[in-house]
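Student: A structural model of the following input is requested.
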Amino acid sequence: MSAGAVRDAPDPPVGLVVGVGASKGVAYDEIHETLRAALDTLGLAHVRVVAVASVTTKRGEPAIHALADDLGAAMVWLPPERLAATHVPNPSARVRAVTGTPSVAEAAALVATEGGVLVLGKTRSARRPCLCTIALARHQVGGTTA
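Tutor: Numbers count the residues shown, from 1 in each chain. Got it, this is the predicted structure:
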């Protein structure tokens with residue numbers, strides 16, 4: 001698994017938002033494995049995921065819905081135009097060509113936290129071919145992250 005920039009998290013966040021970018025037909029197991037590996041690597045295995053966010057064009061992907069259901073998290077769908085307006089550290093021309101936004105996972109996590117901070121940048125599935133990416137963000141509360 002390749003990981004994007006990770007910001008120091010001195011205290012475990014109250015809750016995280018998982019941004020999910022996915023190819024058509026992605027399996028639930030692939031998204032779940034990618035998320036669990038990322039959380040374990042960061043030492044956040046027991047943190048609560050409060051929302052799963054993705055682009056509206058992926059509403060038909062059962063695996064993304066299943067992830068939110070499994071985590072007991074809210075599902076947040078965001079239009080590509082809103083995601084495209086969000087600055088991210090790892091934009092992709094390929095993702096822009098397919099979705100209309102240079103980022104799905106990172107941008108969705110950031111937009112869903114309404115100005116939060118990335119805890120983990122775009123992280124690709126370890127499977128080949130890779131059919132999903134995730135990013136993790138946390139809310140920023142009162143000038144500090146929580």
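
Student: Residue 120 - that's part of a strand, no?
Tutor: Yes. Residue 120: assigned to a strand according to DSSP: H, G, I helix; E, B strand; the rest coil.

Student: Can you tell me, leaving aside adjacent residues, what's nearest to it?
Tutor: Spatially, and ignoring its direct neighbours in sequence, residue 120 is nearest to residue 136 (4.2 Å; C-beta to C-beta, 6 or more residues apart in numbering). Where you see a C-beta, it was placed from the backbone N, CA and C, and this is true even at glycine.

Student: Show me which positions of the helix or strand encompassing the one you found end up buried.
Tutor: In the assignment (DSSP states H and E), residue 136 maps to strand 132-138. For strand 132-138, burial by neighbour count (16 or more other C-beta atoms under 10 Å) applies to 132-138.

Student: go on, stretch 58-72?
Tutor: Within stretch 58-72, the residues that count as buried by 16+ other C-beta under 10 Å are 58, 61, 63-68, 71.

Student: chain center to that stretch, what's the gap?
Tutor: 12 Å (C-alpha atoms, centre = their mean, to the nearest Å).

Student: again, but for stretch 82-98
Tutor: In terms of C-alpha atoms, centre = their mean, the centre of stretch 82-98 is set 13 Å apart from its chain centre.

Student: Give me the residues contacting that stretch.
Tutor: Stretch 82-98 is contacted from outside by 4-5, 21, 55, 99-104, 106-108, 110-111, 118, 121-122, using C-beta atoms under 8 Å, 6 or more residues apart in numbering.
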